[in-house]
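**Student:** any chance you could fold what I've pasted below:
(2 chains)
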Amino acid sequence: MSAQSESRFVSAVKDSVAGGLIALALFSLMLGMKAEVASGMGGQLGIEYRWGAVAIAVAIVFFGRLLLNLFVWKSDKPVTGIMSGMMPKASSFSGLGKFAMPVFLVLAVVLPFLLMSYYGASGSRRYLDLAILVTTYVMLGWGLNIVVGLAGLLDLGYVAFYAVGAYSYALLAHYFGLSFWICLPLAGILAALWGIMLGFPVLRLRGDYLAIVTLAFGEIIRVVLLNWYDFTGGPDGISGIPRPSFFGLEFERGDDGFAAFFGLDYSSIHRIIFLYYLILAMALVTNFVTMRLRKLPVGRAWEALREDEIACRSLGINTTNTKLTAFALGAMFGGFAGSFFATRQGFISPESFTFMESAVILAIVVLGGLGSQIGVVIAAVVMIGGFELIREFAEYRMLVFGLLMVGIMVWKPRGLISTRTPSISLSGKAKGISADLVQEGHG
Amino acid sequence: MLRFKEPFERRSKGGWPVISGTEKFSHNLPQEKILVFIRGSSKRELSQKRGLATTFFNVQKCTLTTKRWLEPSGGLNNDMEYFLQQLINGVTLGSIYGLIAIGYTMVYGIIGMINFAHGDIFMVGAFISLILIVALGVTASMPLALLILALIAILIVSMALTSVWGWTVERIAYRPLRGSFRLAPLITAIGASIVLQNFVQISQGARNKPLQPLIPGGFTLSDGSGDSGFVVQLSYSQILIIVVTTVLMIGFTTLINKTSLGRAQRSCEQDRKMASLLGINVDRTISLTFVMGASLASVAGLMFLIYYGVIDFYIGFLAGVKAFTAAVLGGIGSLPGAMLGGLLIGLIETFWSGYFSVEYKDVAAFSILAIVLIFMPEGLLGKPEVEKV
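**Tutor:** Reported below is the predicted structural model:
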């Protein structure tokens, strides 16, 4: 062993020891001791010691850093270099969207029948509910993607528009007895109006101010919903929200029901399947509109705005209006998803619209890669579906979300699937460019 | 079933603690008698809930009230005593907000980003203090000298440990992204905030942690012999909070204005590249800024714990947004501005809930944030910001 490599080893160990000590400082109290109301102590707090957990956490940090130091950071031949040599180039993923989209689409369309044939009508209900949930998040993710991914506006109050949509439908149905199909567009329009109303004054602000103001608006809407007891039912929420009908056919037993009309045996699964196709169609409409808008001048303006706001302004783009359209469109899709949520649950309360919900949607968009439509799908399927299937780890979901948000931003700021397809190119054939090759803009 | 509207909230109202919240909790509170405020209940429902509440809180006497009781009624609220009490409470709350706001304002001044995780650093600081207090067995029954000594020791240890958290967040989530596109550090900040919140929720449990009052008692400024019969109290803990905040404020202002570290910070604020050319270790200066912010937040955490006597993993979110509002109101980047903004927000919030409605007090704070940002983005004491290419 040469002197050089030996000193390298020593410095790696030193660095790891430092990391371990910091981890010890971090975790000794917060993980090692748990202040808990002990039973039989008259409600006073007692300490529960968990030194084992601290030892594990410190060991993970120490050995993790040691391995990274030895094989990546302080090595002549970093393992990551070898690995990235074996991995396909990022640009070869550019075809992924083209290839994966139809596969996903076909899979999504036949999913209910696959589940039905495999699990039977009653067994597949759980999975269909999960599929509906995932698709709702996909739609929300696509809606937020317009705002965050395309226009580059960090919206931390997206759940407010989801809430506006849900409550619009619930209240219209509650007070005026309007049906889902009349309320759906109304909910979208109302949410978009709220987006414009809230967006207009704040969109002049720079990015981080915008983020915190949207967060504040999200909370205001939630607090108002919670406290306006006479109108919204406050924490009790609104129940008995009517279910959607299939062109006037209710999903119920009897001669006027959906099953009787089509000569099928009545089954409650029909409504679930219908709800699944409803949200799938709504999500696909969101995607379609986004993809088309992206090719219009306004879509290009969004992306230009994301890359460099000052350059945009100097080129004569009305930045406020451009931001406003993105904000309002995102809000509209959030509103659609909200009214779907209300009709699917049959019951809504402000508890469903907390900041954490906004954070989950944002995490899906970020993990999928800002601006990538297929990425949102993958992130939603993995993060929402995955955690619903392994219930034991449900409480770790947000922790993992947060860690991944930080990790992905640090490692690949443009998201995992980060190819840029130019909206226009000279040869006529648009080629995807790996985001790694694109210079980051500063706005 | 009892439903509470907010995680937990205690306000002094005519000498009685008032509790409201939506979360179910079952633990013993130090008070013998408790006034439980349940909104949206009729009189009849209340009498049904009373028995439940008495066992729920394990108290001898429990009075339940509806919203009506708290609404301003000419006799109770329009007198000097009530005003004075609100003023005292407002200044105390404002001091806590001010301490947190300094962390926001310093970080914003030096790297121009909102450290969303700062509110959660405050929460971690409060938890570290709580754990130390419980582990060391500090109670109000200790001799006074020992209690003071223990509190000072806890304050120092908690500042040190919370600083490590602040430093780690900066090192992991923000430093690698310096020079990246502008959304990136914001997103990692949100991520860091989520991580901290959920880490504490998992490691310390989601239930809120009640602590016996450490510094009970206080001066009675008005014993209720006035027309209103309203008792005005200035508790020792309130005095402690105001004094500690003032001392720390003076200390930090001196640090920024007089020491070489402060000079380095101010130069990094003006021009990071130039500062590094002149031999200032920019990365270290930024790290130290985070460390200072975190240690002040941990002081605020201890003060919050002493004042309210109960914390949970979620306190950082609201306190963080309000402290940020304070920083913006005072003019972000300005240290005295953060303090002034903190005081104003504390006062506005207290008076709003004292005279208008408790439920909408957060709305008041959030609305101020939006209004200030829209009409007066440079704040009260800040400098107008010029956007540079």
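**Student:** I'd say A:Phe355 and B:Phe317 touch.
**Tutor:** Yes - with contact defined as CB atoms under 8 Å, A:Phe355 reaches B:Phe317; the gap is 6.8 Å. For glycine as for every other residue, the C-beta is placed from the backbone atoms N, C-alpha and C.
**Student:** name the helix or strand for the closest residue to B:Val138 other than its chain neighbours, please.
**Tutor:** Using CB to CB, 6 or more residues apart in numbering or on different chains and skipping the chain neighbours, the partner closest in space to B:Val138 is B:Ala150 (4.7 Å). For B:Ala150, the element it lies in under DSSP states H and E is helix B:144-169.
**Student:** what does the stretch 101-250 of chain A put close to chain B?
**Tutor:** A:148, A:152, A:154, A:156, A:201-202, A:204-209, A:211-213, A:215-217, A:219-220, A:223-224, A:226-227, A:229, A:234-236 (CB under 8 Å from any CB of the partner chain).
**Student:** which of the residues you listed fall in helices?
**Tutor:** By the criterion of DSSP state H, membership of those in helices covers A:201-202, A:207-209, A:211-213, A:215-217, A:219-220, A:223-224, A:226-227, A:229.
**Student:** quick check, the helix or strand hosting B:Ala338 touching chain A?
**Tutor:** Assigned by DSSP H and E, B:Ala338 falls within helix B:335-355. No - judged by CB under 8 Å from any CB, helix B:335-355 stays clear of chain A, getting no closer than 12.4 Å.
**Student:** tell me which residues are up against whichever helix or strand comes after that helix.
**Tutor:** Counting by DSSP H and E, the next helix or strand C-terminal to helix B:335-355 is helix B:361-375. Outside helix B:361-375, the residues within contact range by CB atoms under 8 Å, 6 or more residues apart in numbering or on different chains are A:201-202, A:204-205, A:209, A:212-213, A:216-217, A:219-220, A:223-224, B:318, B:321-322, B:324-325, B:328-329, B:345, B:348-349, B:352-353, B:356, B:379.
**Student:** and helix B:361-375 with helix B:335-355, angle?
**Tutor:** For helix B:361-375 against helix B:335-355, the angle by axes from the mean of the first three to the mean of the last three CA atoms, to 10 degrees is 140 degrees.
**Student:** that older thread, give the contact list for the residue nearest to B:Val138.
**Tutor:** B:Ala150 neighbours (CB under 8 Å, 6+ apart): B:Leu136, B:Val138, B:Met142.
**Student:** distance of it from A:Phe288?
**Tutor:** Relative to A:Phe288, B:Ala150 is positioned 65 Å away (CB to CB, to the nearest Å).
**Student:** with A:Phe176 instead?
**Tutor:** 31 Å.
**Student:** and B:Gln233, what element?
**Tutor:** Per DSSP H and E: strand B:231-235 holds B:Gln233.
**Student:** so B:Phe313, which state does it fall into?
**Tutor:** Classification of B:Phe313 using DSSP: H, G, I helix; E, B strand; the rest coil returns coil.
**Student:** shouldn't it be in contact with B:Val195?
**Tutor:** No - at 11.9 Å, B:Phe313 does not count as touching B:Val195 under the criterion of CB under 8 Å.
**Student:** show the buried residues in the contacts of helix B:361-375.
**Tutor:** A:202, A:205, A:209, A:212-213, A:216-217, A:219-220, A:223-224, B:318, B:321-322, B:324-325, B:328-329, B:345, B:348-349, B:352-353, B:379 (16 or more other CB atoms under 10 Å in any protein chain shown).
**Student:** so how far is the helix holding B:Ala150 from its chain's centroid?
**Tutor:** 17 Å (CA atoms, centre = their mean, to the nearest Å).
**Student:** hmm, back to that, direction included, what does the strand holding B:Gln233 pair up with?
**Tutor:** Take DSSP bridges as the rule and strand B:231-235 pairs in its sheet with strand B:218-223 (antiparallel).
**Student:** and the partner strand, what's buried?
**Tutor:** The neighbour-count check on strand B:218-223 (16+ other CB under 10 Å) flags B:Ser222 as buried.
**Student:** ok, stretch B:283-303 next?
**Tutor:** Going by 16+ other CB under 10 Å, stretch B:283-303 has these buried residues: B:285-303.
**Student:** could you measure from the nearest residue to B:Leu288 once chain neighbours are set aside over to chain A?
**Tutor:** In this structure, B:Leu288 finds its nearest non-sequential neighbour in B:Leu261, 6.5 Å apart by CB to CB, 6+ apart. Distance, B:Leu261 to chain A, using CB to the nearest CB, to the nearest Å: 21 Å.
**Student:** is B:Leu261 in a helix, a strand, or coil?
**Tutor:** helix.
**Student:** contacting residues for it?
**Tutor:** So B:Leu261 contacts B:Leu255, B:Thr285, B:Leu288 (CB under 8 Å, 6+ apart).
**Student:** again, but for B:Gly94
**Tutor:** Contacts of B:Gly94 by CB under 8 Å, 6+ apart are B:Ala326, B:Gly342, B:Leu343, B:Leu344, B:Ile345, B:Gly346, B:Leu347.
**Student:** going by neighbour count, which of these comes out on top?
**Tutor:** Counting neighbours by other CB atoms under 10 Å in any protein chain shown, B:Ala326 comes out on top of those with 34 neighbours.
**Student:** which secondary structure element contains that one?
**Tutor:** Assigned by DSSP H and E, B:Ala326 falls within helix B:315-330.
**Student:** returning to that earlier point: starting at the chain centroid, how far to the strand holding B:Gln233?
**Tutor:** With CA atoms, centre = their mean as the basis, strand B:231-235 stands 21 Å off its chain's centre.
**Student:** cool, stretch A:248-259 as well?
**Tutor:** 35 Å.
**Student:** need the distance between the two termini of it.
**Tutor:** 13 Å (CA to CA, to the nearest Å).
**Student:** hmm, who's touching it?
**Tutor:** So stretch A:248-259 is contacted by A:243, A:245-246, A:260-261, A:264-268, A:270-271, A:274 (CB under 8 Å, 6+ apart).
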